[in-house]
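S.K.: got a sequence here, can you build the structure:
(one chain, ligands or ions: 1)
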Amino acid sequence: MVLEAIKYEHGSLQILDQLRLPYTTHYDTIYSSTDAWHAIRDMRTRGAPAIAIVAALSLAVELTNTKLSSISEEVNIFIIEKLEYLVTSRPTAVNLADAAKKLKVVVGEAVKREGMTGEGVREAYGKAAEQMLVDDVADNEGIGKHGAEWIVRNAGLGEEVSVLTHCNTGSLATAGYGTALGVIRSLHANKQLKQAYCTETRPYNQGSRLTAFELVHDEIPATLITDSMAAALLKLKGPSEKIAAIIVGADRVAANGDTANKIGTYSLAIIAKHHGVKFLVAAPRTTIDLTTASGDDIVIEERPGREVSFIRGPKYDGVTLDRAAVETIAIAAEGIDIWNPAFDVTPAALIDGIITEIGVAEKGSDGKFNFEKLFEVEATDIKPSTVGGL
Ligand SMILES: CSC[C@H]1O[C@H](OP(=O)(O)O)[C@H](O)[C@@H]1O
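M.R.: So this is what the prediction gives:
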């Protein structure tokens, strides 16, 4: 079975409800942008690239099932308003805002064409939204290729390495294959992976519920650790396990390389630096936001405290799981105040490379990332896997 977080056909969109994974596979049908907004906010679908794609496709479905004006400008205005609404579902990940901006340009250009009708604008939007699904998988395969090559070449640990990853950045966070988890898939496919370590990623447990699910599904050698074990893992098992890198995804990479990602990423970057292990961010260029100067300018989403103080799962009697009996239990003292930022920001100084679909961006001799060149070329133009000095 191929892991599909997003199932789309013209006029029909289904998302894999990730709050029920790994114990239950259930697809929610998305009929409108409102359905998508709530699915994204609830985190039934999550992951920066997947959020953008589900949002875009939800509007394509809504437009197909809505009686639209024949006047192109009126459809254009309808689309713009819906995209601006969808962007409010989660503020930190830039992919959604980036997709909305690009889709607005597509429909804006369509409206200007001679004799364009409302239906023509809808078709132009739908075609562009559907292309995002295809492009994302191709991007992730490029990320996997370049990331695997870079790690083996730069880690100095020979042809077989281990890596640690955080949160979920696989097929469940994208249209398929994954970003950081895509690098792990490529290492495994190349027979260059000794062991993949994944953190549980409190409080939503994207690691223990989703990444572990993907790694087991793909039969990739993997070990789950709690977030608090990461430093001990590198200290006690780093050399013997040939842990070459910590690879994470990203929700927004600022123009200077500061990176917003799942809470706990910053701690891992500090641990990597202390132990001389490479720290890599894997993200398509759509996650790099040149309009945000630095991490100080990134809005960090704060989520309800109940996501820390309660946990859900199937009932376990000590022998078997009762998947039909999902229970919620409290795991914190009543009345305690809770701080629950969904992301943190890792300074560029702690990042050794940003793995994109066209190559690995590294800091130049000035110690700074320069991403401008990343956007001057297309994937086919770059042959070497390192575009250092960008
Ligand atoms: C493919 S990178 C996905 C990125 O999104 C995750 O956040 P969330 O699960 O809250 O959507 C996490 O930060 C991942 O790195």
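
S.K.: please make it C-alpha for all contacts and neighbour counts, starting now.
M.R.: Noted.

S.K.: where does the chain dip in pLDDT?
M.R.: 1-2, 377-390 (pLDDT under 70).

S.K.: quick one: Ile40 is in a helix?
M.R.: Yes. Counting by DSSP: H, G, I helix; E, B strand; the rest coil, Ile40 is found in a helix.

S.K.: Gln14 belongs to a helix?
M.R.: No. Gln14 is assigned strand when assessed by three-state DSSP, not a helix.

S.K.: so it sits against Ser32, correct?
M.R.: No. Contact criterion C-alpha atoms under 8 Å: Gln14 and Ser32 do not qualify, at 11.1 Å.

S.K.: ok, Pro91 - how many residues close by?
M.R.: A count of nearby residues for Pro91, using other C-alpha atoms under 10 Å, gives 15.

S.K.: quick one: residues contacting it.
M.R.: For Pro91, the contacting residues are 299-301, by C-alpha atoms under 8 Å, 6 or more residues apart in numbering.

S.K.: now it, what's its secondary structure?
M.R.: Pro91 - assigned by three-state DSSP - is coil.

S.K.: Ile225: what's it in contact with?
M.R.: 197-200.

S.K.: what's the distance between Glu307 and Arg323?
M.R.: Noted for Glu307: a distance of 21 Å to Arg323, by C-alpha to C-alpha, to the nearest Å.

S.K.: and what of Ala348?
M.R.: 43 Å.

S.K.: so does stretch 125-135 get close to the ligand?
M.R.: No. Stretch 125-135 is not in contact with the ligand by C-alpha under 6 Å from any ligand atom; minimum separation 13.6 Å.

S.K.: quick check: buried residues in that stretch?
M.R.: 125-126, 128-130, 132-133 (16 or more other C-alpha atoms under 10 Å).

S.K.: format these as a markdown table; extra columns: secondary structure.
M.R.: Converted to a markdown table, those look like this (three-state DSSP):
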| residue | secondary structure |
| --- | --- |
| Tyr125 | helix |
| Gly126 | helix |
| Ala128 | helix |
| Ala129 | helix |
| Glu130 | helix |
| Met132 | helix |
| Leu133 | helix |
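
S.K.: any idea which strand is longest in the chain?
M.R.: Using DSSP state E, we find that the single longest strand of the chain is strand 321-330.

S.K.: neighbouring strands for whichever helix or strand comes after that one, and are they parallel or not?
M.R.: Counting by DSSP states H and E, the element after strand 321-330 in chain order, helix or strand, is strand 343-346. Counting by DSSP bridges, the strands paired with strand 343-346 are strand 259-262 (antiparallel).

S.K.: what's the following helix or strand after the partner strand?
M.R.: Strand 259-262 is succeeded, C-terminally, by helix 265-275 (DSSP H and E).

S.K.: other SSEs contacting that next one?
M.R.: In this structure, helix 265-275 packs against helix 230-237, strand 243-248, strand 278-282, strand 343-346, with contacts taken as 3 or more C-alpha pairs under 8 Å, 6 or more residues apart in numbering; DSSP states H and E.

S.K.: need these in a markdown table (columns: mean neighbour count).
M.R.: Shown next, in a markdown table, are these (neighbours: other C-alpha atoms under 10 Å):
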| stretch | mean neighbour count |
| --- | --- |
| helix 230-237 | 16 |
| strand 243-248 | 26 |
| strand 278-282 | 25 |
| strand 343-346 | 24 |
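
S.K.: of all the ones you listed, which lies closest to Ala260?
M.R.: Of all those, strand 343-346 sits nearest to Ala260, with 4.3 Å by C-alpha to C-alpha.

S.K.: the helix or strand that comes right after the closest one vs the ligand: in contact?
M.R.: Later in the chain than strand 343-346, the nearest helix or strand by DSSP H and E is strand 353-356. No. On the criterion C-alpha under 6 Å from any ligand atom, strand 353-356 is out of touch with the ligand, staying 11.7 Å away.

S.K.: who's in contact with strand 353-356?
M.R.: Strand 353-356 is contacted from outside by 139, 142-143, 146-147, 279-285, 360-363, using C-alpha under 8 Å, 6+ apart.

S.K.: so which residues on the stretch 251-390 of the chain come close to the ligand?
M.R.: 251, 261-262.

S.K.: hmm, try it at 8 Å
M.R.: With C-alpha under 8 Å from any ligand atom as the criterion, the stretch 251-390 of the chain comes near the ligand at residues 251, 260-263, 282-283, 342-343.

S.K.: make a ChimeraX selection of the buried ones in the residues you listed.
M.R.: Buried residues within those, by 16+ other C-alpha under 10 Å, are selected in ChimeraX with:
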select :251,260,261,262,263,282,283,342,343
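
S.K.: tell me where the chain has helices.
M.R.: 33-42, 48-64, 72-87, 94-112, 118-155, 180-189, 212-217, 230-237, 265-275, 306-309 (DSSP state H).

S.K.: most neighbours, which of the contacts of Ile225?
M.R.: Cys198 (28 neighbours).

S.K.: partners of it in the sheet?
M.R.: Beta-bridge partners of Cys198, as defined by DSSP bridges: Thr165, Leu224.

S.K.: show me what contacts it?
M.R.: 164-167, 207-208, 211-212, 222-225.

S.K.: just checking: which of those residues also lie near the ligand?
M.R.: Those of the contacts of Cys198 which are also neighbours of the ligand are 166-167, as judged by C-alpha under 8 Å from any ligand atom.

S.K.: show me which of the contacts of Cys198 are buried.
M.R.: Buried among these (16+ other C-alpha under 10 Å): 164-167, 207-208, 211-212, 222, 224-225.
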